[in-house]
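J.: need coordinates for the following:
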Amino acid sequence: MPSSKRWWIAALLFASTTINYLDRQTLSVLAPSLKLEFQWTNTDFAWVVMAFRASYALGQTFCGRLLDRIGARAGLLWTVGFYSAAAMATSMATGLASFAFFRFLLGAGESGNWPGAAKVVGRWFPPKERGLAVAIYDSGSAIGGAVAPFLVLGLAAAFGSWRPAFIVIGALGVLWMLAWRRVYPPDPPSVPGTPAAEPRPSARELLRMRTTWGIILGRALTDPVWFFVSDWFAIFLVSKGFRLAESAAGFWVPFLAADLGNFAGGWASGWLIRRGWPVTRARKAVIAAGGLGMTLLIPAVSATGFLPIVSLFAIATFSYAALSTMVLTLPADLYPDRAVASVSGFSGAGAGLGTIASTFLIGRVADHYSFAPVLIGASLIPLAAVAVTLLLVRTEAVSFHYARSGAETGGEPR
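T.: I've put the predicted structure just below:
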């Protein structure tokens, strides 16, 4: 397959992830003014946020199965079109109920991005390049989050209203759809060694496999740490006695570190594979190193200086991103093409449910005790994720695939 073609596709996946995060961050950036205009309490705003997170978590299972049924080209066109329409429709919101409704629709549509991207990477990239390809598209989450405040506030100021911001940013998805239709072919070539025709395993068959649960638990136990940092880091800095201006100055350092971690994890696993390591073992090595790096949130409990705290969080998010890139890559490594999006969707649903539960617990623990138990938990729980991944993730998915398809393989599983 042409090398340039697949890297253009990786660039479009990066763009879709960036737009995905711009759409979801628009409300967060505008939240202070919206709370004032509509006289919302923090509890009111939390309901709007939870509407998104609930549909996003549950929607990944549905979208994963849909993408495996209709294919990545059509599936991503439908999901991006759906959430772009939902984002633009938010400009018509008039109160709490309508905002929650539109955010629910947005989450349902956006839930297709990661399963779809995982399916495309498994289809187009050989194992030694998959980690880097996943790092490229996953880095769009941090880039979108970093760009959103400048773009959203700039649009609101230029138009004198918050409503056009939702329309303009939502329209970016429409432009992406045009590019996707032009670049992504209707019937992409297979990765060498992959059977041309594969059965689509049922959800029950996939969920009976311990490898599937290893991937689900790997994300469910680590993604909440990322959302803890993205949602609570500034509040934690203020709780340590730093001024809001100082907190804002250091806020983006962990996000930049996460971007670097995405690429470091992808590069490291590819480097090991090129030196003869089996694919799964190379991914697990990076996962283990990432889990150990995340334990550096524990020293942040007793750290008092601004630079040491920010540095510890940055190392933890760098390590998380390297680990996360590997877990996101595993479905493409271990499952037949027509099951990749399904398994990715299952793991995304697990991550979403874990994040919803952790968000509630973090608020309760921080209010009644302090952030110390939260940081200790955020450091130690990823070690459990490493353990279950090392124990449960095996090449049984490959054996299952070839047993179903009747294909024979003479070398490293894809």
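J.: quick one, domains of the chain?
T.: Taking automatic domain parsing as the criterion, the chain consists of the domains 1-186, 198-405.
J.: any chance of a markdown table for those domains, columns mean neighbour count and mean pLDDT?
T.: In short, each C-beta sits where N, CA and C put it, glycine included. Shown next, in a markdown table, are the domains of the chain (neighbours: other CB atoms under 10 Å; pLDDT from 0 to 100):
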| stretch | mean neighbour count | mean pLDDT |
| --- | --- | --- |
| domain 1-186 | 20 | 89 |
| domain 198-405 | 20 | 84 |
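J.: just so I have it, where are all the strands in the stretch 151-300 of the chain?
T.: With DSSP state E, counting those that start in this stretch, there are no strands along the stretch 151-300 of the chain.
J.: so how far is residue 79 from the closest residue to residue 242 other than its chain neighbours?
T.: Excluding the flanking residues, the one nearest residue 242 by CB to CB, 6 or more residues apart in numbering is residue 306, at 5.9 Å. Using CB to CB, to the nearest Å, we find residue 306 at a distance of 41 Å from residue 79.
J.: could you do residue 157 as well?
T.: With distances taken as CB to CB, residue 157 is found 31 Å from residue 79.
J.: kindly report the same for residue 43.
T.: Distance of residue 43 to residue 79, computed by CB to CB: 31 Å.
J.: swap in residue 240?
T.: Counting by CB to CB, the gap from residue 240 to residue 79 is 40 Å.
J.: mind listing what the nearest residue to residue 214 once chain neighbours are set aside touches?
T.: Distances taken as CB to CB, 6+ apart place residue 392 nearest to residue 214, at 3.0 Å, with adjacent residues excluded. Contacts for residue 392 (CB atoms under 8 Å, 6 or more residues apart in numbering) come out as 210, 211, 213, 214, 217.
J.: over to the residue lying closest to residue 130 once chain neighbours are set aside: give its phi and psi.
T.: In this structure, residue 130 finds its nearest non-sequential neighbour in residue 329, 5.1 Å apart by CB to CB, 6+ apart. Torsion angles at residue 329 (phi, psi; degrees, to the nearest 10) stand at phi -80, psi -30.
J.: residue 329 reaches residue 132, doesn't it?
T.: No: here residue 329 lies out of contact with residue 132, judged by CB atoms under 8 Å, at a distance of 9.6 Å.
J.: so what sits against both of the two?
T.: Shared contacts of residue 329 and residue 132, defined by CB under 8 Å, 6+ apart, comprise residue 266.
J.: quick one: residue 327 and residue 297, what's the gap?
T.: 19 Å.
J.: and if you look at residue 330?
T.: Residue 330 sits 24 Å away from residue 297 when distances are taken as CB to CB.
J.: what's the answer for residue 96, then?
T.: 35 Å.
J.: do residue 118 as well
T.: With CB to CB as the criterion, residue 118 and residue 297 are 27 Å apart.
J.: how about residue 243?
T.: Remark: distance between residue 243 and residue 297 (CB to CB) = 22 Å.
J.: what sits against residue 295?
T.: Residue 295 neighbours (CB under 8 Å, 6+ apart): 379, 380, 382, 383.
J.: can you spell out which helices and strands pack onto the lengthiest helix in the chain?
T.: Taking DSSP state H as the criterion, the chain has its longest helix at helix 3-38. Applying 3 or more CB pairs under 8 Å, 6 or more residues apart in numbering; DSSP states H and E, we find helix 3-38 packed against helix 42-70, helix 72-89, helix 96-110, helix 113-124, helix 127-138, helix 140-159, helix 163-183.
J.: need the contact partners of the fifth one.
T.: For helix 127-138, the external contacting residues (CB under 8 Å, 6+ apart) are 6, 10-11, 13-14, 16-17, 117-118, 121-122, 124-125, 262-263, 265-270, 273-274, 279, 283, 286, 321, 324-326, 328-329, 332-333, 412, 414.
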